[in-house]
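Participant: I would like to see how this sequence folds:
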Amino acid sequence: MFSLNDRSIIEISGEDRQNFLQGFITNDLKLLNDNNLIYTAFLNASGRYLADFFIFLKDQKIFIDCHKNSAQEIVKKLNLYKLKAQINVKINQELAVFFSTNNLKIDQQFIDPRLNNFGYRFYQDFAQNDNNKIDNVVNYHLHRIINKIPEGHYDLIYDKSFIAEYDFDNLNAVSYNKGCYVGQETTARNHFRGVVRKKIFYFEIKNCSQQLIDFLNNYDNLNSLQIDYENLKLRGFFDNSMIEDENNKEIGMVLSNIYFKSTNEIKGLALIKINENHQIISSNLNFLNNQILIKN
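Facilitator: Numbers count the residues shown, from 1 in each chain. So this is what the prediction gives:
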């Protein structure tokens, strides 16, 4: 079981809560009930990424499970746009977010909707799990990386990324039947025209060069957890994260990755250009002169 201490909970109450939120998110709130969880995104007017989060219901209220660094911005935007809508938006300081790969059969537990058999998310008071064994959050991120699941704060660029490039369609984050929402036109156009030319891949780097090790040791990125744990360090995308082909042409970008000091290797996600057949343009890829091995 993992305590996802990089997450926060936003609570939305009031009689207009569902109709109001429906106009801002990519998924359909009508799919939500007391027994399920939906995953969705919040976009700007041009269809670019602002935040991604989960939504669940409890006690006639809507709860948003988001990255802690996005919480205040989401609350601010919702309060800015609510006008005369009868809603109240606030940070919930009582609920904590947990994840398990096994069904614990407890209250407020939901199947993670992003991928079949990926795991379960549940929400309880902070003190309620004091006596349970809690694994480190870095290992949760390793689990999602291996399963090719990006998370916005670590992998997408605020106000710039298009969620279609990060496979949000296949993460059950977008409804194409719900009607209008902010950023809907661009999202639908990318989907129906099939113009996406980038794709998420899982990769490994074996025997990291000294150049890469020095880069990792000296790198400080506020977009990552920066947690050392049992020789693991999780990082978000690098400022100089470009992946190159054999001709030194930039064709991709390193995203979330974990450095294993004990084995001198990296496991991570990459966003790489693809051709019309959804294949990588070149199989000979490198990052800082280290060969990148794409894993299926």
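Participant: list the buried residues of stretch 59-74.
Facilitator: Buried residues in stretch 59-74, counted by 16 or more other C-beta atoms under 10 Å: Ile62, Phe63, Ile64, Asp65, Cys66, His67, Ser70, Ala71, Ile74. To be clear about C-beta, it is placed using only N, CA and C from the backbone, and glycine gets the same treatment.
Participant: look up how far Ile38 lies from Lys30.
Facilitator: Counting by C-beta to C-beta, to the nearest Å, the separation of Lys30 from Ile38 is 10 Å.
Participant: of the two, give the one with the bigger neighbour count.
Facilitator: In terms of neighbours (other C-beta atoms under 10 Å), Ile38 is the more surrounded of Lys30 and Ile38; the figures are 22 against 12.
Participant: so who does that one touch?
Facilitator: Applying C-beta atoms under 8 Å, 6 or more residues apart in numbering, one finds that Ile38 lies in contact with Asn27, Asp28, Leu29, Leu31, Leu32, Phe54, Ile55, Phe56, Pro113, Asn172.
Participant: who are the contact partners of the last one?
Facilitator: Asn172 sits next to Asn27, Ile38, Tyr39, Pro113, Arg114 when contact means C-beta under 8 Å, 6+ apart.
Participant: buried subset of those residues?
Facilitator: A residue is treated as buried here by neighbour count (16+ other C-beta under 10 Å); on that basis the buried members of those are Asn27, Ile38, Tyr39, Pro113, Arg114.
Participant: taking the residues you listed one by one, which sit in strands?
Facilitator: Among those, the members falling in strands (DSSP state E) are Ile38, Tyr39.
Participant: distance of the residue nearest to Phe24 when sequence neighbours are not counted relative to Val254?
Facilitator: Distances taken as C-beta to C-beta, 6 or more residues apart in numbering place Val182 nearest to Phe24, at 5.5 Å, with adjacent residues excluded. From Val182 across to Val254, the span is 30 Å (C-beta to C-beta).
Participant: neighbour-wise, which of those two wins?
Facilitator: Set side by side, Val182 and Val254 give different neighbour counts by other C-beta under 10 Å, the larger being at Val254 (25 against 19).
Participant: what about the more buried one, which helix or strand?
Facilitator: Secondary-structure element containing Val254, defined by DSSP states H and E: strand 250-260.
Participant: and that strand, how far out from the chain middle?
Facilitator: Shown here is strand 250-260, whose average C-alpha point lies 15 Å from the average C-alpha point of the whole chain (C-alpha atoms, centre = their mean, to the nearest Å).
Participant: can you name the next helix or strand after it?
Facilitator: strand 265-273.
Participant: what sits against Asn35?
Facilitator: With the criterion set at C-beta under 8 Å, 6+ apart, Asn35 makes contact with Phe110.
Participant: got phi/psi on it?
Facilitator: Asn35 adopts backbone torsions of phi -110, psi 0, taken as degrees, to the nearest 10.
Participant: what pLDDT is listed against it?
Facilitator: Per-residue confidence for Asn35 comes out at a pLDDT of 93.
Participant: likewise Arg197?
Facilitator: At Arg197, the pLDDT value in this model is 87.
Participant: tell me who's in contact with the residue positioned nearest the centre of the chain.
Facilitator: The structure's the chain has its C-alpha centroid closest to Glu151; by C-alpha atoms, centre = their mean the separation is 1.3 Å. If you count contacts by C-beta under 8 Å, 6+ apart, Glu151 has them with Asp52, His67, His141, Arg144, Ser256.
Participant: pick out the lowest-pLDDT one from those residues.
Facilitator: When the contacts of Glu151 are compared by pLDDT, Ser256 scores lowest at 88.
Participant: next, count neighbours for that one.
Facilitator: 25.
Participant: do Gly252 as well
Facilitator: With neighbours defined by other C-beta under 10 Å, the count for Gly252 comes to 26.
Participant: strands along the stretch 101-250 of the chain, start to end?
Facilitator: When assigned using DSSP state E, counting those that start in this stretch, the strands of the stretch 101-250 of the chain occupy the ranges 109-111, 120-125, 198-205, 228-229, 232-235, 242-244, 250-260.
Participant: and the helices in the stretch 151-296 of the chain?
Facilitator: Shown for the stretch 151-296 of the chain, the helices assigned by DSSP state H, counting those that start in this stretch span residues 152-155, 184-193, 210-218.
Participant: looking at the ones you listed, which is nearest to Arg121?
Facilitator: In this view, the helices of the stretch 151-296 of the chain are compared for proximity to Arg121 by C-beta to C-beta, and helix 152-155 is the closest at 15.7 Å.
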